[in-house]
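Asker: After the sequence you'll find the predicted model.
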Amino acid sequence: MVYMQILAVAAICVVTCQANEERKSGGLQGSNLAKQIQDIYTICKDKKAVCVGMPQNCISTNSCVYMASIEQSTDNKHTFKMVDTAATQGYYVAVGISEDGKNMKDTSLVACSSSNMDVFWAVGATSPSKVTNKPYFQNKEHSASNGKIYCVFDLDSSFDEHGVKFDLQKKNYAVLLARADGISPGYHDENKKRFGPMRLSSSSGSFSSPMLLVTATLSLMIARIIH
């Protein structure tokens, strides 16, 4: 078994989305990586993105162990960014979206480690499968330096996966954010929470009501696949 954590997402700001900053080509290292992480805090505090982070209130204090931002970068693209600031070898961070805020059924996930990033599909707590045909998944970039993982990618604002129609501009989605490693046995599930469903392309103020999350098995399966 793998050691696993599903984070308690506790800091979210939902705001008008604006264009994403220009991406640098190639991997980010050192000060460039630190700047990219700081930029995520900036767009969250400037209310340009939907932002989730752990531990509670970490976004306001620039102290997240792991976090993600979602912003509408163009008329037909959403940009996702994920960060883990305390990663060791084998760690991954993942973000998922689903219309089902209770069981996270029909969840589109992207998992990122220091060496890889890919799309997965899961139906509830069943084992996620890697998605091979994913034209809606573009402009991916992932970097690792000094125990930090940074991942960024674009999703088409409207796309189909496994017969499910995703429309990030018009529909509400629950957001899952998770991290895990493959070093220690067992898994931890005491900090399982989710947020939403919520609109990912609207100016609807802050959203901060946590709900119990029932996807410990889901994140465990992702860890098994990505390592």
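Answerer: On my side now, so go ahead.
Asker: So residue 40, which state does it fall into?
Answerer: Counting by DSSP: H, G, I helix; E, B strand; the rest coil, the backbone at residue 40 sits in helix.
Asker: what about the helices in this protein?
Answerer: Here the chain has its helices, by DSSP state H, at 30-45, 216-226.
Asker: Least confident of these, on average?
Answerer: If you rank the helices of the chain by mean pLDDT, helix 216-226 sits at the bottom with a mean of 48.
Asker: what about this protein, any weak spots by pLDDT?
Answerer: Judged by pLDDT under 70, the chain has its weakly predicted residues at 1-30, 124-126, 182-193, 202-227.
Asker: do that again at 50, thanks
Answerer: 1-26, 182-192, 203-221 (pLDDT under 50).
Asker: how far away is residue 114 from residue 142?
Answerer: Here the criterion is CB to CB, to the nearest Å. By it, residue 114 lies 8 Å from residue 142. Placement of C-beta: from N, CA and C, glycine included.
Asker: what is in contact with the two at once?
Answerer: Common neighbours of residue 114 and residue 142, counting by CB atoms under 8 Å, 6 or more residues apart in numbering, are residue 149.
Asker: burial count for residue 201?
Answerer: By other CB atoms under 10 Å, the residues close to residue 201 number 19.
Asker: Likewise for residue 32?
Answerer: With other CB under 10 Å as criterion, residue 32 counts 15.
Asker: Likewise for the one 5 residues further on?
Answerer: When neighbours are counted by other CB under 10 Å, residue 37 registers 19.
Asker: in terms of contact, does it touch residue 152 like I think?
Answerer: No - contact criterion CB atoms under 8 Å: residue 37 and residue 152 do not qualify, at 11.0 Å.
Asker: how about the nearest residue to residue 43, chain neighbours excluded?
Answerer: residue 49 (4.8 Å; CB to CB, 6 or more residues apart in numbering).
Asker: My guess is that neighbour contacts residue 41. True?
Answerer: No - counting by CB under 8 Å, residue 49 stays clear of residue 41, with 10.5 Å between them.
Asker: Looking only at neighbour counts, state which of these two leads.
Answerer: residue 49 (29 against 21).
Asker: quick one: the more buried one from residue 163, how far?
Answerer: Counting by CB to CB - residue 49 and residue 163 are separated by 29 Å.
Asker: ditto for residue 56
Answerer: Residue 56 is 37 Å from residue 163, by CB to CB.
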